[in-house]
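Asks: Sharing a sequence plus its predicted fold:
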Amino acid sequence: MHDLVIKIVESGPPFLEMIKRLKKHKLAITGLVIITALCFIALFAPLIAPHDPDKLHLAHRLLSPGDGYLMGTDNLGRCLFSRLVFGSRITLLVGFFVVAITSTVGVALGAIAGYRGGIIDEIIMRCVDVLLAFPGIILALVIAGILGPSLFNIMFAMSVIGWTGYARVVRGAVLSVKEREFVEAARSLGASDSRIMFRHILPNVMAPVIVMATLGMAHVILAAAALSFMGLGVQPPDAEWGSMLNAGRLFMRTAPHMTVFPGLAIMITVLAFNFLGDGLRDALDPWLKETG
């Protein structure tokens with residue numbers, strides 16, 4: 001009987017019900033389609049790009065869209081469309097890597113702080129408070145500036161500051177869930193702390209983490225583009241949307257397509273993840289209320 005109660009309580013909202021609610025959110029579906037298309041483009045970039053993204057054609061510099069090039073060329077004669085296609089790889093790599101690291105670290109530390117409490121909770125949450133006392137992008141800018149401009153350094157800089165939000169949310173959810181009857185029942189039956197954490201608590205606090213991770217992708221992509229725009233991210237000749245935007249700002253009057261297309265790529269990608277995150281939040285709303 002105890003096992004039946006535990007399974008019923010910890011099951012959360014049925015997966016199919018969540019899918020049905022998500023399907024009703026048109027903007028979320030639109031975002032999911034865009035993200036899927038972007039992943040496809042990044043995966044098959046060599047087959048989709050019509051030109052070598054790094055090959056110089058000085059005779060074809062600053063061509064307008066349609067003059068043999070779908071989105072025109074940049075100031076060095078490189079195909080802008082090909083560079084955007086290959087740039088999607090770096091954009092998604094940064095987003096997925098940083099979100100994977102920050103969510104893993106944040107969930108682990110937040111769960112430990114909420115479940116153990118005491119001095120461990122105090123130490124972890126005071127570290128969170130210290131990091132949250134500084135504006136995130138400014139702190140990432142300082143770290144990236146100290147370490148030097150590179151793709152790895154901006155991912156490291158954003159990972160250092162990005163885990164705090166996950167830790168606070170998971171800690172609050174764990175504090176609520178660990179007092180539930182099914183956790184007390186599992187503890188009374190002799191379940192170990194690790195089994196209680198991984199079998200009964202973490203599955204019931206993952207809904208807000210999923211939403212945060214999806215919305216966090218948009219934030220990371222935007223922050224990475226900003227750091228690259230300021231020269232602290234991916235360095236030429238590698239194609240990255242933020243650095244492409246920076247290169248095009250000197251030619252906004254003579255070749256506006258150099259800034260318009262990278263800017264649109266960043267905007268559409270960020271909006272897609274925000275739309276999907278909003279849809280997941282609405283679809284998981286019953287679960288969020290349960291664990292919040």
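Replies: Thanks, I have it.

Asks: residue ranges with poor pLDDT in this structure?
Replies: Scanning the chain for pLDDT under 70 picks out 1-15, 285-292.

Asks: Let me know the next secondary structure element after the lengthiest helix in it.
Replies: In the chain, with assignment by DSSP state H, the single longest helix is helix 80-116. Once the chain leaves helix 80-116, the next helix or strand it forms, by DSSP states H and E, is helix 118-132.

Asks: Just the residues contacting stretch 21-40, thanks.
Replies: Residues outside stretch 21-40 that contact it (C-beta atoms under 8 Å, 6 or more residues apart in numbering) are 88, 92, 268-269, 271-276, 278-280, 282-283, 285. Glycine gets a C-beta too; all of them are placed from N, C-alpha and C.

Asks: Could you single out the nearest of these to P135?
Replies: N274 (20.3 Å; C-beta to C-beta).

Asks: residue contacts, the closest one?
Replies: Taking C-beta under 8 Å, 6+ apart, one finds G31, L215, A218 in contact with N274.

Asks: Repeat the analysis, applying 7 Å as the threshold.
Replies: The neighbours of N274, taking C-beta atoms under 7 Å, 6 or more residues apart in numbering as the test, are L215, A218.

Asks: Let me know the helix or strand that it is in.
Replies: With DSSP H and E as the criterion, the answer for N274 is helix 257-283.

Asks: chain center to that helix: distance?
Replies: 12 Å (C-alpha atoms, centre = their mean, to the nearest Å).

Asks: by how many degrees do that helix and helix 80-116 diverge?
Replies: Angle, helix 257-283 to helix 80-116, by axes from the mean of the first three to the mean of the last three C-alpha atoms, to 10 degrees: 30 degrees.

Asks: is it true that L139 touches G162?
Replies: No - at 10.3 Å, L139 does not count as touching G162 under the criterion of C-beta atoms under 7 Å.

Asks: Next, find the distance separating the spatially closest residue to C79 that is not a sequence neighbour from F81.
Replies: Excluding the flanking residues, the one nearest C79 by C-beta to C-beta, 6 or more residues apart in numbering is H51, at 3.8 Å. Using C-beta to C-beta, to the nearest Å, we find H51 at a distance of 8 Å from F81.

Asks: now I123
Replies: Counting by C-beta to C-beta, the gap from I123 to F81 is 50 Å.

Asks: Show me which of those two is the more surrounded one.
Replies: F81 (19 against 12; other C-beta atoms under 10 Å).

Asks: Might one say that the more buried one is in contact with T73?
Replies: No - with contact defined as C-beta under 7 Å, F81 does not reach T73; the gap is 9.4 Å.

Asks: Tell me if I'm right that I201 and K178 touch.
Replies: Yes - proximity of I201 to K178 meets the contact threshold set by C-beta under 7 Å, at 6.0 Å.

Asks: Mutual contacts of the two, please.
Replies: Common contacts of I201 and K178 (C-beta under 7 Å, 6+ apart): Y115.

Asks: Looking at these two, which has the bigger crowd around it?
Replies: Neighbour totals were compared for I201 and K178, and I201 leads with 27 against 20 (other C-beta under 10 Å).

Asks: and that one, how far is that from G117?
Replies: In terms of C-beta to C-beta, I201 sits 14 Å off from G117.

Asks: picking that back up, comparing L139 and G162, which residue is more hemmed in?
Replies: G162 (23 against 17).

Asks: can you pull the contacts of that one?
Replies: Contacts of G162 by C-beta under 7 Å, 6+ apart are V98, T102, G216.

Asks: Test my guess that the second one contacts V160.
Replies: This points to T102. No - contact criterion C-beta under 7 Å: T102 and V160 do not qualify, at 8.9 Å.

Asks: Compare neighbour counts for those two and give me the winner.
Replies: Legend: neighbour count by other C-beta under 10 Å for T102 and V160, higher for T102 (24 against 17).

Asks: Now that one: closest residue in space that isn't a chain neighbour?
Replies: G162 (3.5 Å).
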